[in-house]
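Asker: Show me the folded form of this:
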Amino acid sequence: METTAPSTPTRTPAGRVVGLVLGLTLIVGVLTIAFAWPSSNTGPEDLPIAVVGPPEAAEQVAGRLDEARPGGFDVVAAASPEEAVAMIEEREVYAALAVGTDGVDLYTAGAASPAVARMVGGIAEQIAAGMGEAAGQPGSVQVSVEDVVPLPEEDPNGAGLAASALPMAAGGIIIAVLIGTAMRGSGRQAAAAVLAPLAVGAAIAAILRYWLGSVEGDYWTVAGAVALALLAATWTVLGLTKLLGRAGTIIGAALIMLVGNPLSGLTSAPELLPAPWGEVGRYLTPGAGGTLLRSVSFFDGHGASVAVVVLASWLAGGIILFIIGAVRAKVRQVETASPEPVAAAV
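Answerer: Numbers count the residues shown, from 1 in each chain. Have a look, this model is predicted:
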């Protein structure tokens, strides 16, 4: 009686091991760059700020700002403090300075970016100190600060608003992955991809609005903003998955989570990220969603139009990819099910 010796498992080729190590190194390196680089290189880049007074005064203050942060500010003139406040409320500028002989008046918007408000406050102190030293009276020039659009008292540092970037980004990915793996039938998947983001958006808005107190404004408007961000992310990943399979899921998740989330600027401001990545982040779903949420929560919708267009474009693109993938799958199914022609017997 012959016995068959157990087969020895085939060893993984050395080349594949090396490739795996290099691939993991590349992935972790990209993750490190995506999340650490924006934080370690934070600084203003053409940050819009208003100066109250005639153009000559704006040019003078612009020179002082450029000395403090070369290339960091885009200075515009405001004819009066009222005009400067209106520009802040309409999200045209982040802050405004009114430099007088007896002091410096600073107008900020903590709701637009606490990081920018703190940074501009520090620069205003430097300007005031320089004016005092130039007058031979160090410390005599004071800075008066008015927060035009403050953050809520329940969340004065904006931690909840900043943290909302993660559920808006990851939520869309999770919804798309669950729909793609747990549901069959394109119609049912499409229905779930509409209903789930609406429900999740309402829940996130309720938590931010009523539990954490991190946002203000009308609840349904806030819920709509969050839902639109989730819809855009969900359909982007779902459309890529429907068209490309697992590779599409990976591409969509990486685009939103590894690229879009760290470049969203929600924890600081897009103008504080390294150029040109702050501008790039505005046109990805996390950045556009964060801008929209901040605009409808604190600024009566000012500055939200571009974000709405960006999110709607991602949503439309995802739907188109989903339809193409569904039609292609249906054609393949029909071709597979078609019986082979049988020659008639004579």
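Asker: hey, let's count contacts and neighbours off CA atoms from now on
Answerer: Will do.
Asker: quick one, domains of this structure?
Answerer: Following automatic domain parsing, one gets these domains for the chain: 47-147, 159-335.
Asker: Could I get the ones you listed in CSV, plus columns for mean pLDDT?
Answerer: Shown next, in CSV, are these (pLDDT from 0 to 100):
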stretch, mean pLDDT
domain 47-147, 84
domain 159-335, 90
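Asker: Can you tell me which of these is most buried?
Answerer: domain 159-335 (a mean of 21; mean count of other CA atoms under 10 Å).
Asker: so residue 146 sits in a helix?
Answerer: No - with DSSP: H, G, I helix; E, B strand; the rest coil as the criterion, residue 146 is located in strand rather than a helix.
Asker: how much space is there between it and residue 202?
Answerer: Separation of residue 146 from residue 202 (CA to CA, to the nearest Å): 33 Å.
Asker: before we move on, back to that, quick check: which of the domains of the chain is nearest to residue 12?
Answerer: Across the domains of the chain, residue 12 has its closest neighbour in domain 159-335 (23.4 Å, CA to CA).
Asker: re earlier: of all the domains of the chain, which lies closest to residue 23?
Answerer: domain 159-335 (14.7 Å).
Asker: Work out the sheet partners of whichever helix or strand residue 50 is part of and label each with its direction, please.
Answerer: Using DSSP states H and E, residue 50 maps to strand 47-52. When sheet partners are counted by DSSP bridges, strand 47-52 sits next to strand 73-78 (parallel), strand 95-99 (parallel).
Asker: Can I get it as CSV, trimmed to CA atoms?
Answerer: The C-alpha coordinates for strand 47-52 follow below in CSV (Å, rounded to 0.1, in the frame of the first residue of the first chain):
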residue,chain,number,x,y,z
LEU,A,47,-4.8,84.9,4.7
PRO,A,48,-7.4,87.6,4.0
ILE,A,49,-7.4,90.3,6.7
ALA,A,50,-8.9,93.8,6.6
VAL,A,51,-7.3,97.0,7.8
VAL,A,52,-9.6,99.9,8.8
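Asker: now it, how far from the centre of its chain.
Answerer: On the basis of CA atoms, centre = their mean, to the nearest Å, strand 47-52 sits 23 Å off its chain's mean C-alpha point.
Asker: on that earlier part again, save the strands paired with strand 47-52 as CSV, and put in distance to residue 11 too.
Answerer: Shown next, in CSV, are the strands paired with strand 47-52 (distance: least, CA to CA, whole Å):
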stretch, distance to residue 11
strand 73-78, 59
strand 95-99, 64
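Asker: Of these, which is nearest residue 309?
Answerer: Here strand 73-78 is closest among the strands paired with strand 47-52 (CA to CA), at 24.9 Å.
Asker: need the next SSE after that closest one, C-terminal direction.
Answerer: Assigned by DSSP H and E, the successor of strand 73-78 is helix 81-89.
Asker: for the strands paired with strand 47-52, which one sits closest to residue 239?
Answerer: Residue 239 lies closest to strand 73-78 among the strands paired with strand 47-52, at 39.3 Å (CA to CA).
Asker: so that closest one versus helix 81-89, what angle?
Answerer: 140 degrees (axes from the mean of the first three to the mean of the last three CA atoms, to 10 degrees).
Asker: Do you have the helices of the stretch 201-346 of the chain handy? List them.
Answerer: Taking DSSP state H, counting those that start in this stretch to define them, one finds helices in the stretch 201-346 of the chain at 219-244, 246-253, 277-282, 285-298, 305-337.
Asker: Let's have these in JSON lines, adding distance to residue 175.
Answerer: Output for the helices of the stretch 201-346 of the chain, formatted as JSON lines (distance: least, CA to CA, whole Å):
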{"stretch": "helix 219-244", "distance to residue 175": "6"}
{"stretch": "helix 246-253", "distance to residue 175": "11"}
{"stretch": "helix 277-282", "distance to residue 175": "22"}
{"stretch": "helix 285-298", "distance to residue 175": "15"}
{"stretch": "helix 305-337", "distance to residue 175": "14"}
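Asker: Out of these, which is closest to residue 104?
Answerer: helix 285-298 (25.8 Å).
Asker: any idea how far that closest one is from the chain center?
Answerer: Between the centre of helix 285-298 and the centre of its host chain there is 8 Å, according to CA atoms, centre = their mean.
Asker: Could you name the helices and strands sitting against that helix?
Answerer: helix 165-182, helix 219-244, helix 277-282, helix 305-337 (3 or more CA pairs under 8 Å, 6 or more residues apart in numbering; DSSP states H and E).
Asker: Let me know the distance separating residue 228 from residue 183.
Answerer: Going from residue 228 to residue 183 by CA to CA gives 22 Å.
Asker: tell me which strands and helices whichever strand or helix holds residue 123 is in contact with?
Answerer: Here residue 123 sits within helix 114-134, counting by DSSP H and E. Judged by 3+ CA pairs under 8 Å, 6+ apart, helix 114-134 is in contact with helix 55-68, strand 95-99, strand 103-108, strand 142-147.
Asker: which residues does the most centrally placed residue in the chain contact?
Answerer: The chain has residue 287 as the residue nearest its centroid, 2.0 Å off, counting by CA atoms, centre = their mean. By CA atoms under 8 Å, 6 or more residues apart in numbering, the contact set of residue 287 is 260-261, 263-266, 281.
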